[in-house]
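Asks: What shape does this take:
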Amino acid sequence: MFKKITTALLFTTASLGFTTMAYADHHGMKKDVVEVAVENGSFTTLVAAVKAAGLVETLQGKGPFTIFAPTDAAFSKLPEGTVEMLLKPENKDKLTAVLTYHVVSGKVMAADVMKVDSAKTLQGQSVMVKADSMGVMINNAKVVKADVKASNGVIHVIDTVLLPKEQS
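Replies: Sure thing, here's the model as predicted:
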């Protein structure tokens, strides 16, 4: 029980970093998940990838969506040349698979994470979810900010890009 309370407190504390969006939400200026990511400024690589994959319109749709959003720093951890390779038009299918592996259908808030150990992504594979007193992990990515609300879902900021298993 103590671990669950501690983890919930970590989520609540982490989500306070997005005070601008909390203010916007409170004052009725809701933005969709793409607009929130663009406005934040820490997701330029993610936004460029979403545009290159042609997913902007989809992610601006009704949803709701839960996005595990890797920061620019997370993308910089990938081997050199990986992002550039994925952004090439001939690799659009691979890029789409990587991006949709970061999206879960529905609005999964931090409190809901305590009740699951995996979540099926729009890409088709599941991500593993582990919550303990140290925080929340999605596969090998740590959630560094949680419950960033948008009009059509929620964003959880992660420190590592999630890569789906290769399909044969």
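Asks: drop to CA atoms for contacts and neighbour counts, all remaining ones
Replies: Noted.
Asks: Can you list the low-confidence ranges for this structure?
Replies: 1-29, 167-168 (pLDDT under 70).
Asks: where along it do the strands fall?
Replies: 65-70, 103-105, 118-120, 126-132, 135-138, 141-150, 153-158 (DSSP state E).
Asks: Could you point out which of these sits nearest Glu35?
Replies: strand 141-150 (8.5 Å; Cα to Cα).
Asks: Who does the closest one pair with, and is each partner parallel or antiparallel?
Replies: strand 135-138 (antiparallel), strand 153-158 (antiparallel) (DSSP bridges).
Asks: and Val104, which of the ones you listed is closest to it?
Replies: strand 153-158 (9.9 Å).
Asks: what's in contact with that closest one?
Replies: Identification of contacts with strand 153-158 by Cα atoms under 8 Å, 6 or more residues apart in numbering yields 32-33, 63-71, 74, 106-109, 141-149.
Asks: Quick check on those residues: which are buried?
Replies: Buried members of the contacts of strand 153-158, counted by 16 or more other Cα atoms under 10 Å: 32-33, 63-71, 74, 107-109, 141-149.
Asks: circling back: between the strands of the chain, which one is nearest to Leu78?
Replies: Minimum separation from Leu78 across the strands of the chain (Cα to Cα) falls at strand 65-70, 11.3 Å.
Asks: orientation of that closest one relative to strand 141-150 in degrees?
Replies: 130 degrees (axes from the mean of the first three to the mean of the last three Cα atoms, to 10 degrees).
Asks: Just name whatever secondary elements strand 65-70 is in contact with.
Replies: strand 103-105, strand 153-158 (3 or more Cα pairs under 8 Å, 6 or more residues apart in numbering; DSSP states H and E).
Asks: For it, which strands pair with it and how are they oriented?
Replies: strand 103-105 (antiparallel), strand 153-158 (parallel).
Asks: Can I get that strand in CSV, CA atoms only?
Replies: The C-alpha trace of strand 65-70 is given here as CSV (Å, rounded to 0.1, in the frame of the first residue of the first chain):
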residue,chain,number,x,y,z
PHE,A,65,-5.2,8.6,-26.9
THR,A,66,-2.6,7.9,-24.3
ILE,A,67,0.8,8.9,-25.6
PHE,A,68,4.1,7.8,-24.1
ALA,A,69,6.1,10.8,-25.5
PRO,A,70,9.9,10.5,-25.7
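Asks: one step back: just say which of the helices and strands packed on strand 65-70 is most tucked in.
Replies: strand 153-158 (a mean of 25; mean count of other Cα atoms under 10 Å).
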